[in-house]
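Asks: when you get a sec, could you give me coordinates for this:
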Amino acid sequence: DEMTRILIKELNKAANRFINSVLNKLLLAFCVTVFTTIISAADLATDVEKVARQEYPTDTLYRAWLDYQKDEKSIVNFYQALPQKHLIELNRNNPKKATVTYFAKGGTDTDYILQSGGPDFYGLRFKQFGHSPIFFCVQEIPRDAWFSYGVNEFKRVKKSTLGGVEPTSMVHIDDGAVIGPDAPLSPYIHARANTPKGELKQLTFNSKFMGEGRRVVAYIPAAYNADVAHNLVIQFDGQNYARAPEHGAAWEGWSPMPTILDNLIHDKKIAPTITLFIQNQGNRSGDLLSEKMSDFVALELVDWARKNYNISKSTANIVVSGPSRGGFAAASTALRHSNLIGAVLSQSGSFYYRLQNEENWPVYPEFEGQLLLDYKHSAKLDIRFYLDVGLYDLGLGAVGTNRQLRDILDLKGYRVTYYQYKGGHSHLGWRHTLANGLISLLGEHQK
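Replies: Predicted coordinates for the structure are as follows:
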C-alpha cells in the first residue's frame, strides 16, 4: 500500500546516506593515509638530502653523489678523469674564501689517507666516498693562498701471523700545488720572447776555506758592459735556483732565477746584476751553518767577482740570498762580513738553529736561535734586509723566528722589508716572491 512504499523509500534514503557517510569516511581515511605516506616520503627524502649535503658539502661532490646513486662506477670514472687530484671552487657564502677538494684512491687494505699542506697544520683526514675505493677531504682556504701539499696512505695488514698484531705501513701517493684564484703570482718567472737572455757559465773554485772544489754557476747579464758597475748576488741552493722556466711540476723544488733576472733587468726594475749560484755538494746541512761557508762566500767569491767583472764598489749592492737554511747562511755571512756584504735576501729563513749538538725542534723551538741572539747583542751594522715567509710554514719555528728577527732588526734601526704570504715552505712561494726581494734591495730607487 501507499504507506509501505513511503516507508521503503525513506529507508532507502537513510541507507544511502549511511553508505555515503561510511564511504566518505573510508575515502577520507585513505586520502589521509596516502597524504601522510607522501609527506613521510618527502620528509625522508629531505632528511637524506640534508645528510648528503653535509657529507658531500660542495656542489661537485653532491652531484657526484647523485650520480653514484645511479651508477656506483661513476665516482671511479670521475676520479680517473681528473687532470690533477684536487679541485678548487669559489665559496658562495664567503667571497674571501675558496674550497679545495682533494681526491685519492685507496684499496682494501687502506686504514686512512692523510693530506698535509696549507692552513690545516695537522693535516686533513680523507673519508671514503660511499663504499667505493675513492676517498676525499675538503679544505677552506683564503682566495690568495698558494701552497704545495702531499698525500700519504696508511695501510694495515688484516691477515697477520704476529699473534693478532696488524702491521701497518705508510705510502706516499701524491703531491700537488694549490694556487688560489687571487694568489699574488709574479709576472717575472716566465721567459719573454723580446727579453735578452743572460749567459750561464759553469765554474769550479778550489776553495781553501771549504777545503774542496766548489761548483758555482755564474749568471752574466745579456750584453755585459765592463764600463758599467754591476750588482752582485750570491745565491745559496744554487742548483735549484739556476733553473729554466717550466722546469717541472709547480710543487717541485725549483725557481727560474736567471729568467727573473733577465726580466727585471730588461724592465729596469734593477740595474745589471751578476749572480753566482753556489751548488750544494753532499753536506748541505752542515755547510750552510758553518763559518767556512761564510768565509768562502765573502773572501773568495766576492773577491773573484770583483777581479773578473765590474762590480759596484758599494757593499749595499752586494746581496747574499737563500731559502730556509740558506736564509740563515745569508744572514750569518752578512753579520760576519758586513764590510764586504751589505744586503740579505732571506726566504723562509731557518733562524731557530742553536749551533749546538742538540738542535731545537723546528716546529716548537725551545730556545732562541743563536743568530737571533747574535744580531740582538751586536752593534748595528750597515746591512739591509728583505725577509719573507709563508704563513703555513713550520709554525713558531719559521713564522715566529722570522717575525722575531724582523723585530730585532727594526728595533736596532736596520732597514728591513718583511713580507708574509699565505703559503708554505717551498719553491712554489719562493719563485714568486724572489723578485720582490731583488727589487726591494737592488731597485733603481735604491741608488
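Asks: from here on, contacts and neighbour counts on C-alpha atoms
Replies: OK.
Asks: which one is Ala183 nearest to, not counting chain neighbours?
Replies: Asp144 (3.9 Å; CA to CA, 6 or more residues apart in numbering).
Asks: how about the contacts made by the one you found?
Replies: Ile179, Gly180, Pro181, Asp182, Ala183, Pro184, Lys422 (CA atoms under 8 Å, 6 or more residues apart in numbering).
Asks: cool, and Glu212?
Replies: Asn206.
Asks: quick one, phi psi at it?
Replies: Main-chain dihedrals, Glu212, degrees, to the nearest 10: phi -170, psi 170.
Asks: need the per-residue pLDDT for it.
Replies: Looking at Glu212, its pLDDT reads 95.
Asks: any idea how far it is from Ala298?
Replies: 17 Å (CA to CA, to the nearest Å).
Asks: before we move on, the earlier item: which of the contacts of Asp144 are buried?
Replies: Buried by 16 or more other CA atoms under 10 Å: Ile179, Gly180, Pro181, Ala183, Pro184, Lys422, out of the contacts of Asp144.
Asks: for those residues, which two are the farthest from each other?
Replies: Based on CA to CA, the longest span within the buried ones among the contacts of Asp144 runs between Pro181 and Lys422 and measures 12.7 Å.
Asks: the closest residue to Ile383 other than its chain neighbours: how many residues sit nearby?
Replies: Nearest residue to Ile383, sequence neighbours excluded (CA to CA, 6+ apart): Gly342, at 4.4 Å. By the measure other CA atoms under 10 Å, the count of residues near Gly342 is 22.
Asks: equivalent analysis for Ser348, please.
Replies: Going by other CA under 10 Å, the residues that sit close to Ser348 add up to 30.
Asks: wait, it touches Tyr392, no?
Replies: No: applying CA atoms under 8 Å, one finds Ser348 not in contact with Tyr392, separated by 10.6 Å.
Asks: which neighbours do the two have in common?
Replies: What both Ser348 and Tyr392 touch, as defined by CA under 8 Å, 6+ apart, is the set His425.
Asks: how about stretch 308-328 as PDB, C-alpha atoms only?
Replies: Provided in PDB are the C-alpha atoms of stretch 308-328 (Å, rounded to 0.1, in the frame of the first residue of the first chain):
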ATOM      1  CA  ASN A 308     136.700  39.400 -13.200                       C
ATOM      2  CA  TYR A 309     133.800  41.800 -13.600                       C
ATOM      3  CA  ASN A 310     132.900  45.400 -12.900                       C
ATOM      4  CA  ILE A 311     131.100  45.100  -9.500                       C
ATOM      5  CA  SER A 312     129.700  48.100  -7.700                       C
ATOM      6  CA  LYS A 313     132.100  49.500  -5.000                       C
ATOM      7  CA  SER A 314     129.100  49.900  -2.700                       C
ATOM      8  CA  THR A 315     128.500  47.000  -0.300                       C
ATOM      9  CA  ALA A 316     124.800  47.900  -0.500                       C
ATOM     10  CA  ASN A 317     124.800  46.300  -3.900                       C
ATOM     11  CA  ILE A 318     126.300  43.000  -2.700                       C
ATOM     12  CA  VAL A 319     123.500  40.600  -1.800                       C
ATOM     13  CA  VAL A 320     123.700  37.200  -0.200                       C
ATOM     14  CA  SER A 321     120.400  35.200  -0.800                       C
ATOM     15  CA  GLY A 322     119.000  31.900   0.200                       C
ATOM     16  CA  PRO A 323     115.900  29.900   1.300                       C
ATOM     17  CA  SER A 324     115.400  28.000   4.500                       C
ATOM     18  CA  ARG A 325     118.800  27.100   5.900                       C
ATOM     19  CA  GLY A 326     120.200  29.200   3.100                       C
ATOM     20  CA  GLY A 327     118.400  32.200   4.600                       C
ATOM     21  CA  PHE A 328     120.300  31.500   7.800                       C
END
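Asks: buried sites along that stretch?
Replies: By neighbour count with 16+ other CA under 10 Å, stretch 308-328 contains the buried residues 309-312, 315-328.
Asks: same deal with stretch 285-296?
Replies: By 16+ other CA under 10 Å, the buried positions in stretch 285-296 come out as Asp287, Leu288, Leu289, Ser290, Glu291, Lys292, Met293, Ser294, Asp295, Phe296.
Asks: which of those residues sits closest to Thr333?
Replies: Among the buried residues of stretch 285-296, Ser294 lies closest to Thr333 (CA to CA), at 4.6 Å.
Asks: list phi and psi for the closest one.
Replies: Here the main-chain torsion angles of Ser294 (degrees, to the nearest 10) amount to phi -60, psi -40.
Asks: what do you get for Val178?
Replies: phi -100, psi 120.
Asks: where in this protein is the helix or strand with the lowest mean pLDDT?
Replies: Lowest by mean pLDDT, DSSP states H and E among the helices and strands of the chain is helix 2-55, with a mean of 59.
Asks: hmm, back to that, name all residues that make contact with the residue nearest to Ile383.
Replies: Thr315, Ala316, Asn317, Ile318, Val319, Ala334, Asp382, Ile383, Arg384.
Asks: run the last query once more with 10 Å
Replies: Contacts for Gly342 (CA atoms under 10 Å, 6 or more residues apart in numbering) come out as 314-320, 334-335, 381-385, 441.
Asks: in strands, which of the residues you listed appear?
Replies: Using DSSP state E, the members of the contacts of Gly342 that fall in strands are Ile318, Val319, Val320, Arg384, Phe385.
Asks: hey, what's the first one bridged with?
Replies: Judged by DSSP bridges, the bridge partners of Ile318 are Leu232.
Asks: quick check: Ser169 touching Ile113?
Replies: No: in this structure, Ser169 is not within contact of Ile113 by CA atoms under 10 Å, at 11.6 Å.
Asks: which neighbours do these two have in common?
Replies: Among the neighbours of Ser169, those also in contact with Ile113 (CA under 10 Å, 6+ apart) are Glu153, Phe154, Lys155.
Asks: mind putting the residues you listed into TSV with secondary structure?
Replies: Formatted as TSV, the shared contacts of Ser169 and Ile113 follow (DSSP: H, G, I helix; E, B strand; the rest coil):
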residue	secondary structure
Glu153	strand
Phe154	strand
Lys155	strand
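Asks: could I get those as a markdown table with distance to Lys97 and neighbour count?
Replies: Below are the shared contacts of Ser169 and Ile113 laid out as a markdown table (distance: CA to CA, whole Å; neighbours: other CA atoms under 10 Å):
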| residue | distance to Lys97 | neighbour count |
| --- | --- | --- |
| Glu153 | 28 | 23 |
| Phe154 | 30 | 16 |
| Lys155 | 33 | 20 |
